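Student: Give me a model of this one.
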Amino acid sequence: MEIKFEEGLKRLEEIVGKLESGEVPLEEAISLYEEGIKLARALKAKLEEIEMRVEKLMETEEGFKTEEFKHRTEADEG
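Tutor: Model (predicted):
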């Protein structure tokens, strides 16, 4: 079953929080790290797929055009 982007991101944030706490036993930390890496790769692929779809939908009077997809960062907000 394919995981939704938002659900995957939430799970990845949970994993990072647990690993950053330093209170996870080593074996569990390794398992969490492996899960996090797999999840991060899947989310990256999903995001790339979404970006391609957005580019295809950018239509002008002359037809379709592509523009670089700009990621919003915390620096953009402040």
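Student: what ranges of the protein fall below the confidence cut-off?
Tutor: 1, 59-78 (pLDDT under 70).
Student: Give me the most central residue, it.
Tutor: residue 43 (3.9 Å; Cα atoms, centre = their mean).
Student: other SSEs contacting the longest helix seen in the chain?
Tutor: Ranked by number of residues, the top helix in the chain under DSSP state H is helix 26-57. Applying 3 or more Cβ pairs under 8 Å, 6 or more residues apart in numbering; DSSP states H and E, one finds that helix 26-57 contacts helix 5-21. From N, CA and C alone the C-beta is placed, and that goes for glycine too.
Student: what's the helix it packs on packed up against?
Tutor: helix 26-57.
Student: mind listing what's buried in the helix it packs on?
Tutor: 29, 32, 36, 39, 43, 46 (16 or more other Cβ atoms under 10 Å).
Student: check contacts around the third one.
Tutor: Contact partners of residue 36, counting by Cβ atoms under 8 Å, 6 or more residues apart in numbering, are 12, 15-16, 19.
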